[in-house]
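[1] okay, structure incoming, though there's no sequence with it:
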């Protein structure tokens with residue numbers, strides 16, 4: 001069986017997710033340094049969770065006889081303003097979820113990789129809903145009240 005498409009998708013996820021995870025880690029550290037301990041820890045924990053998905057995808061590539069590549073990350077800005085960061089992260093999450101929905105049918109001939117990506121998609125949807133809920137909460141209670149909850 002030809003696993004080229006599976007390998008390409010797995011490598012794409014590894015590359016994009018590693019980049020996003022590193023941003024979450026750095027953003028979490030920035031929020032913590034600003035006194036927003038809970039928000040900062042949320043993003044640091046998110047980094048750890050995402051790196052677990054990177055590991056699963058890398059293990060699958062190795063199982064398929066291919067070595068994952070460490071590809072360069074694009075420069076990304078960090079944000080001191082939490083609301084601006086939430087909006088930017090939500091934009092990226094939406095795009096990522098859309099991409100995952102598009103690649104799932106391609107993986108139908110590789111049920112193991114399909115299951116990994118499907119489970120990752122579920123996790124990403126939960127993250128997307130969390131971001132949406134936080135922005136809705138900011139709108140309802142105001143940014144300052146929301147920030148107090150993040151300390």
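    Done, it's in. None of these values were measured; they are calculated from a predicted model.

[2] please look at residue 36 and residue 148 and confirm they touch.
    No: assessed by CB atoms under 8 Å, residue 36 is found out of contact with residue 148, at 9.5 Å. In this view, the C-beta of every residue, glycine as well, is placed from N, C-alpha and C.

[3] what about the two, which has more around it?
    The residue with more neighbours, out of residue 36 and residue 148, is residue 36; 20 against 11, by other CB atoms under 10 Å.

[4] for residue 65, phi and psi?
    phi 80, psi 20 (degrees, to the nearest 10).

[5] and residue 35, by the same measure?
    Dihedral angles (degrees, to the nearest 10) for residue 35: phi 100, psi 0.

[6] list the contacts for it?
    residue 151 (CB atoms under 8 Å, 6 or more residues apart in numbering).

[7] now the one 10 residues further on
    Under the criterion of CB under 8 Å, 6+ apart, the contact partners of residue 45 comprise residue 28.

[8] what about it, helix or strand, and which?
    Using DSSP states H and E, residue 45 sits in helix 37-63.
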